[in-house]
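Q: fold the following.
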Amino acid sequence: MTSLQNIKIGGREAQPHKSVRSPNFQSRTVLTRNPWQFVELWLKREGKKEALFYWSQASEFGKASIGLPTQSAPLLHYYSFMNATKALLSAKGLTFSPMHGVRAHNMNGASSKISIVNEGVRILNNGIVPALSNYYGEQEVDTTHSLQDLLFNLPHVHRTFCLTYPNQTEMFIPIKEPKFLFDATNRVVRLHARISKNFQSSHVLRRMAPTFISDPTAPANSYEIVSSASRPFTRPLKPTLADLASLQSLQEELRKSVFYINGSETLWYVRSNVAGGKTLSRMPATMTLAAMHRLSELCRYKPVELASFLGGQKNWLISEFIQQSPEQFIDEIASEMTGHQIMAPNVRAAN
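A: Numbering: from 1, shown residues only. The predicted structure follows:
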């Protein structure tokens, strides 16, 4: 007889949360087609006037970017992202320098050719980007990153990256049915999940990061995994405040290697160890903000070179990043700011 039990919060099974540091496990998912408006109303209700100003600025830049060509859109995307980040930091009561906190870094000496290998960024000690990094508690020691490394580490364009570089093994392993379970024997909570069918192999299991191991309580060849980390837990059906604090602590630790892609259904991934790419200990929002900053500079200072770059061999990867990042980034910031999980409602077909 298994000692594992579902954890129920408000009658719902406890699952990973989009918010890294501020998950509201007791709240139902917010269904809306306009996350901008939901966050605006939330900030008004919470009396966060300064954050509301920054969020409104972010929204206006986001609206202005709609319909722009790929070679021009990064400029407005970046200012939208930057102001959304200011809103998050302000809402959390954090002080930050109004400077960008990131600048261009040439990764290839005197070469003037634009490529994702030699175009890079340096994250500074003060400013918006390092403030976001500090908020997430990132442990990355390297402060210079190429666009190639940043894009490789972003789940929402990682598949495109691997199609662009066919010899690169996918680092992010899709998982199904992730949920927190109570171990009645040891009285702890861990995260359990099953590797997606197309990735079920012994090779994938061997390259799992130490954060997850094969679930010893699961049947053989079930490809179920469990987090190495755990937290004390007492009441799976009516969690105490201490239980919820334990769950939030475990969530924050695991979300450094468990990531999601936003959509009508949230897709979850676990990072694994692979050769070829450089793994960065940063959160997707920080890397997206830094990468979009560099592309926005190219829009301003090297528009002809950028247009040529977008017509080159890696154009699909860059285009996907520019097109897919706004929805993903704003979802990450909105969830982090409010503690709510926000999703677009599904449209039901008529009977």
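Q: residue 21 should be in a helix, yeah?
A: No. Per DSSP: H, G, I helix; E, B strand; the rest coil, residue 21 lies outside any helix segment and is coil.
Q: ok, the residue lying closest to residue 275 once chain neighbours are set aside to residue 276 distance?
A: Nearest non-adjacent residue to residue 275, counting by CB to CB, 6 or more residues apart in numbering: residue 169, 6.9 Å away. C-beta here means a position set from N, CA and C on the backbone, and glycine is covered the same way. Going from residue 169 to residue 276 by CB to CB, to the nearest Å gives 7 Å.
Q: what kind of secondary structure is the closest residue to residue 114 other than its chain neighbours in?
A: Spatial nearest neighbour of residue 114, excluding adjacent residues (CB to CB, 6+ apart): residue 309 at 4.4 Å. Judged by three-state DSSP, the three-state class of residue 309 is helix.
Q: what sits against residue 309?
A: Shown in contact with residue 309 (CB atoms under 8 Å, 6 or more residues apart in numbering): 114-115, 298, 315, 318.
Q: and if you look at residue 14?
A: Counting by CB under 8 Å, 6+ apart, residue 14 touches 6-8, 25, 179-180, 247.
Q: give me that answer again for 6 Å
A: Taking CB atoms under 6 Å, 6 or more residues apart in numbering as the criterion, residue 14 is in contact with 7, 180.
Q: for the residue nearest to residue 275, which three-state class applies?
A: With three-state DSSP as the basis, the three-state label of residue 169 is coil.
Q: that one - how many residues pack around it?
A: Using other CB atoms under 10 Å, residue 169 is surrounded by 15 other residues.
Q: same check on residue 46?
A: 13.
Q: excluding chain neighbours, what is closest to it?
A: residue 91 (7.5 Å).
Q: how close does that neighbour sit to residue 336?
A: From residue 91 to residue 336 the distance is 9 Å (CB to CB).
Q: ok, how many other residues are close to residue 155?
A: Neighbours of residue 155 (other CB under 10 Å): 18.
Q: just give the closest residue to residue 79, not the sequence neighbours.
A: Using CB to CB, 6+ apart, the closest residue to residue 79 is residue 61 (4.5 Å).
Q: what residues does stretch 20-27 touch?
A: Contacts for stretch 20-27 (CB under 6 Å, 6+ apart): 9-10, 17, 248, 251-252, 255, 339-340.
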